[in-house]
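Undergrad: model the following, please.
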Amino acid sequence: MALDLTPRRFLFLDVAMKYGPWVGDTRPTQLYDAINFSKLEFAPPPQKTSRITSRMEGSIGQALASVQRPTGEPGTLDAEFDAAPVGFLALALGATVVELAVSAAPVADAAVTTVLGLWVKLPNAWIDAATFVLETDGDPDVAIDATKYQLDAVNGFVKATHADAVGSKLASYSVKATTGETYHAGQALSTDVYLVGTGTEQATKKRCSIVVERANLAPGGKFDPVAGDALKGSVKGDLLTPADAVSPWRYAYSNWASTL
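TA: A predicted model of the protein is given here:
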């Protein structure tokens, strides 16, 4: 069947983009859940214009012919998002990510020398604040009123806010069982990714697909954790054409009706 070029098409798209990282030259066959993109901007490969300009009487200065020539630079992808699987967030942070796994454990009489008004490190982080007791180092040990110091239970710091809590003290507490992940961020990293988007063209309510065959992405912008709003991750990089693909990315519009 011949391709019909007469229909008018629209590009009012709602798309959910799943992703997977390439491993060497192997395209991923398993994908992570969709990324909540707020920007997914494709730029075509830049081209350079070569012109033949008339030097003939009556048409001097006019362009007789114009040819667009590739510059050798690839197209690019520039994206922003505010929710993504762990691996894609790590990419935006320029981070290697490792498992955070802390076992519960009791800590008794850990020596700490507190300073008035300054945060002092304890031997552990992820402390169960309900179990924390700061005591004098004496015979017997005497618990210090909790209103005379402050505890950063997450990072494991204590700050004396009263003279009674200053000096050589003993800290007893329980380390809380904790799981999660740690992002070692701020590194110069990049990853080749495969993006598969399933969506609806909303003007016609037809199902569509956007597939990015391969994009070499790196952290694309500044990261502000105290902006007071949802954090924006940003990645950008070159669009690549794998050996088994015709182009770096493709859009498919179908006759499937959408109920979304």
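
Undergrad: surely F10 forms part of a helix?
TA: No. Checked against DSSP: H, G, I helix; E, B strand; the rest coil, F10 lies outside a helix; its state is coil.

Undergrad: skipping adjacent residues, who's closest to D82 in space?
TA: Counting by C-beta to C-beta, 6 or more residues apart in numbering, D82 lies nearest to A230, which is 4.5 Å off, once chain neighbours are set aside. Bear in mind the C-beta positions are built from the backbone N, C-alpha and C, glycine included.

Undergrad: neighbours around P28, how many?
TA: P28: 16 surrounding residues under other C-beta atoms under 10 Å.

Undergrad: G156 now?
TA: For G156, the neighbour count with other C-beta under 10 Å is 19.

Undergrad: relative to W119, how far out is it?
TA: G156 sits 10 Å away from W119, going by C-beta to C-beta, to the nearest Å.

Undergrad: returning to what we had before: you'd agree the residue nearest to D82 is up against E80?
TA: No. Assessed by C-beta atoms under 8 Å, A230 is found out of contact with E80, at 11.0 Å.

Undergrad: what sits against the closest residue to W126 other than its chain neighbours?
TA: Once flanking residues are discounted, W126 sits nearest to T178: 4.4 Å by C-beta to C-beta, 6+ apart. Counting by C-beta atoms under 8 Å, 6 or more residues apart in numbering, T178 touches 100-102, 126.

Undergrad: bridging residues for T178?
TA: Counting by DSSP bridges, T178 is bridged to V102.

Undergrad: just use 83 as the starting number from now, easier for me
TA: Done: numbering now begins at 83, and the last item shifts to T260.

Undergrad: how close does it get to V202?
TA: Taken as C-beta to C-beta, the span from T260 to V202 is 21 Å.

Undergrad: and for P222?
TA: 23 Å.

Undergrad: higher neighbour count, those two?
TA: Using other C-beta under 10 Å, the more surrounded residue of P222 and V202 is V202, with 16 against 6.

Undergrad: name the helices or strands packed onto whichever strand or helix holds the more buried one?
TA: Element membership for V202 (DSSP states H and E) is strand 201-203. Contact partners of strand 201-203 among helices and strands, from 3 or more C-beta pairs under 8 Å, 6 or more residues apart in numbering; DSSP states H and E: strand 187-196, strand 239-242.

Undergrad: which residue is the nearest non-sequential neighbour of P156?
TA: Spatially, and ignoring its direct neighbours in sequence, P156 is nearest to D320 (4.5 Å; C-beta to C-beta, 6+ apart).

Undergrad: does the residue nearest to L122 when sequence neighbours are not counted sit in a helix, a strand or a coil?
TA: Nearest non-adjacent residue to L122, counting by C-beta to C-beta, 6+ apart: A161, 5.1 Å away. Three-state assignment for A161 (three-state DSSP): strand.

Undergrad: same check, this time on the one 5 residues further on
TA: Using three-state DSSP, the three-state assignment for A166 comes out as coil.

Undergrad: surely it and I117 touch.
TA: Yes. At 4.3 Å, A166 counts as touching I117 under the criterion of C-beta under 8 Å.

Undergrad: ok now do the residue nearest to T135 when sequence neighbours are not counted, which residues does it touch?
TA: Leaving aside its chain neighbours, T135 sits nearest to A145 (6.0 Å; criterion: C-beta to C-beta, 6+ apart). Going by C-beta under 8 Å, 6+ apart, A145 touches 133-136.
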